[in-house]
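Student: Fold the following, please.
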Amino acid sequence: HLDTIMVVASEGAAKLYGMEVNQLGYEIIKQFPLPEYRSMMDMALKKLIEEGIPYDIEFKIRKADTGETRDIHSIATYDKEKRIVFGSIQDITVQKLLETELRNSRQEFKHYFDAGAVGMSVSTPDKKWIEVNQRLCQMLGYTREELLELSWTNVSHPGDLDENLDMFQQVVDGKIDGYEIDKRFICKNGEVLYVTLTVECERNHDGSVNHFLASYVDITKRKLAEIALVESEAMYRTLIEKMPDGVYKSTHDGKFVEVNPAMVKMFGYNSREEMIAIDIRQDLYLTPTDRDTLVMDETFRELGIFRLKKKDGTVLWAEDHGWYTLDEDGNILFHEGVIRDVSERVQSEMVLRESEEKFKAIANYAASWEAWFSNQGKLIWMNSFAEQLTGYTMREYMEAERLLPILCLEEDIESVRKKFENAVFGVSGD
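Tutor: Take a look at the predicted model:
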């Protein structure tokens, strides 16, 4: 009451101040608000009384019993005839804390949204973008204003749009609350952008979608690398399938993992599956222990030539260029390599060697100097009569830098050299 300055308070009001009802008076009540709010409260009360302006303010008080600070919301009306101010006070401390936390959370989200390393957007149930961050603009090559005029369907790659729309509709229908897919977008300059798209929805109280929050992680480099790898593997596979030489991959204990068609044909099997099923030690080597004695003793060492067994039991000579695949601890995981059938070459070499041995045997009995030279004039072999005739051993001839000074008089060297060259290069008469 403005004339008597008498205060009538409820128990709730007294409790809020931390006092008993009979302890409250006007001068005491004025002490509870923190000093910085006093002038604002006095001005609000004056305007209510003199001008009829509604009294609706917020301020802080310090409770009498605990000394803690509380946030207060106060509303008051004024009865001009009775000169009485009627008011209510409400403790809004928790509400204020929540508002502060929400404001901080929004500020943190806005900072994360705007400065994020990934693209982010907010869109409506009709697929329109209502907010996009700078990173998404950079990824797609559009300005913020341009993207807000578009829907995400406008820039989606046609080949990925149906899958995206299906997932989107499942969210709208309430079947799921979000999804993650890899998809493509078409940038403003026409280039294709690969992203991992993660979408979450915020729903209204009735379960309908309020908005969608999406993030876009650029995976273009990874996708292009994967595509290149697939193409490379396809090209490698085609090359292996068409190679005339056998290509294999086997375990260390003697089972094939992979063989190409040439390998299957070389060893006379009917199919890849049939050859993969064999035991390499038992079915490919002449004796089971050969694989252990012929196998490589060093990683990446090129093997020599040895005999292997075909399906029908016949023998072929194989030239194996192989290597080991090792695990992180250096243990052998696989044997891999390329095998070539060199049976004809080996047979030819054996026939040639036999012929050479026969010639050498005959030449050693000849009472003439018989010798073989390379087309560079290097001595390859000579018979025993040549050693007897000249007194030089074959080793001395082979180690000599020049043969003609040993064999000929100085005045004959040039004519003999010319005759040798004519004979080597096929000039008739020499």
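Student: check contacts around residue 250.
Tutor: For residue 250, the contact set (CB atoms under 8 Å, 6 or more residues apart in numbering) comprises 256-257, 280, 334-336. C-beta: built from backbone N, CA, C; applies to glycine.
Student: That one should be in a helix, yeah?
Tutor: No: the assignment for residue 250 is strand, going by DSSP: H, G, I helix; E, B strand; the rest coil, so no helix is present there.
Student: can you pull the pLDDT of it?
Tutor: The pLDDT attached to residue 250 in the predicted structure is 92.
Student: repeat for residue 359
Tutor: pLDDT, residue 359: 76.
Student: in what helix or strand does it lie?
Tutor: According to DSSP states H and E, residue 359 maps onto helix 343-363.
Student: Name the residues that touch that helix?
Tutor: Looking at helix 343-363 with CB under 8 Å, 6+ apart, the contacting residues turn out to be 305, 316-317, 370, 381, 383.
Student: and the next element down the chain from that helix?
Tutor: strand 371-373.
Student: Buried residues of that following strand, list them for me.
Tutor: Residues of strand 371-373 include none that count as buried (16 or more other CB atoms under 10 Å).
Student: on contacts alone, who are the packing partners of that strand?
Tutor: strand 379-382 (3 or more CB pairs under 8 Å, 6 or more residues apart in numbering; DSSP states H and E).
Student: Tell me which residues touch the closest residue to residue 252 other than its chain neighbours, please.
Tutor: Of all residues not flanking residue 252 in the chain, residue 332 sits nearest, at 4.5 Å (CB to CB, 6 or more residues apart in numbering). Counting by CB under 8 Å, 6+ apart, residue 332 makes contact with 252, 324-326.
Student: Distance check, residue 332 against residue 96.
Tutor: According to CB to CB, to the nearest Å, residue 332 and residue 96 sit 70 Å apart.
Student: With residue 329 instead?
Tutor: Distance of residue 329 to residue 96, given as CB to CB: 62 Å.
Student: Compare these two (neighbour count), which wins?
Tutor: residue 96 (16 against 5; other CB atoms under 10 Å).
Student: you'd agree residue 131 is up against residue 114?
Tutor: No: assessed by CB atoms under 8 Å, residue 131 is found out of contact with residue 114, at 9.8 Å.
Student: Pick out whichever of these two has more residues nearby.
Tutor: residue 131 (17 against 12).
Student: what's the helix or strand for the more buried one?
Tutor: strand 129-132.
Student: Averaged pLDDT, the helix or strand following that strand. What do you get?
Tutor: Sequence order places helix 134-140 as the next helix or strand after strand 129-132, per DSSP H and E. Per-residue pLDDT over helix 134-140 has a mean of 93.
Student: Ok, stretch 60-74 next?
Tutor: In this model, stretch 60-74 carries a mean pLDDT of 92.
Student: how far is it from where the chain is centred?
Tutor: Per CA atoms, centre = their mean, to the nearest Å, the displacement of stretch 60-74 from the mean C-alpha position of its chain is 58 Å.
Student: if we can go back for a sec, buried by neighbour count: which residues of the strand holding residue 131 qualify?
Tutor: Neighbour counts over strand 129-132 (16+ other CB under 10 Å) mark 129, 131-132 as buried.
Student: What of stretch 50-58?
Tutor: Neighbour counts over stretch 50-58 (16+ other CB under 10 Å) mark 55, 57 as buried.
Student: Need the contact partners of it.
Tutor: Applying CB under 8 Å, 6+ apart, the external contacts of stretch 50-58 come out as 40-41, 44-45, 47-48, 71-78, 87, 92.
Student: switch the cut-off to 10 Å
Tutor: 33, 37, 40-41, 43-49, 71-78, 80, 85-87, 90, 92, 96 (CB atoms under 10 Å, 6 or more residues apart in numbering).
Student: In strands, which of the residues you listed fall?
Tutor: 71-78, 85-87, 90 (DSSP state E).
Student: Which among those residues count as buried?
Tutor: Those of the ones in strands among the contacts of stretch 50-58 that meet the buried threshold are 71-72, 74, 76, 78, 85, by 16+ other CB under 10 Å.
Student: Pick out the most distant pair among those residues.
Tutor: With CB to CB as the measure, no two of these lie farther apart than 71 and 78, at 24.1 Å.
Student: could the ones in strands among the contacts of stretch 50-58 be laid out in TSV, adding distance to residue 396?
Tutor: Formatted as TSV, these follow (distance: CB to CB, whole Å):
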residue	distance to residue 396
71	114
72	120
73	120
74	125
75	126
76	130
77	134
78	136
85	135
86	135
87	130
90	121
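Student: Now do the phi/psi pair for residue 309.
Tutor: The phi and psi values for residue 309, taken as degrees, to the nearest 10, are phi -110, psi 130.
Student: Make 36 the starting number, not 1.
Tutor: In the new count, where the first residue is 36, that last one comes out as residue 344.
Student: is it true that it touches residue 301?
Tutor: No: contact between residue 344 and residue 301 fails when scored by CB atoms under 10 Å: they sit 11.7 Å apart.
Student: Same drill for these two, tell me which one is more crowded.
Tutor: Neighbours per residue (other CB under 10 Å) separate residue 344 from residue 301, with residue 301 holding more: 21 against 18.
Student: mind checking how far that one is from residue 345?
Tutor: 8 Å.
Student: Can you pull the residues that touch both of these two?
Tutor: 351, 376.
Student: ok, residue 442 - contacts?
Tutor: Counting by CB under 10 Å, 6+ apart, residue 442 makes contact with 404, 421, 425, 427, 432, 435, 448, 451.
Student: ok so, going back, quick one: which of the buried ones among the ones in strands among the contacts of stretch 85-93 is nearest to residue 219?
Tutor: residue 106 (51.9 Å).
Student: picking that back up, could you tell me which residues touch both of residue 166 and residue 149?
Tutor: residue 155.
Student: What pLDDT does the model give residue 391?
Tutor: Value for residue 391, per-residue pLDDT: 78.
Student: which stretches of this structure aren't confidently modelled?
Tutor: 137, 139-144, 147, 324-338, 410-412, 459-465 (pLDDT under 70).
Student: Okay, the nearest residue to residue 178 once chain neighbours are set aside and residue 133: tell me how far apart.
Tutor: Closest residue in space to residue 178, ignoring its immediate chain neighbours: residue 172 at 6.2 Å, by CB to CB, 6+ apart. Residue 172 sits 34 Å away from residue 133, going by CB to CB.
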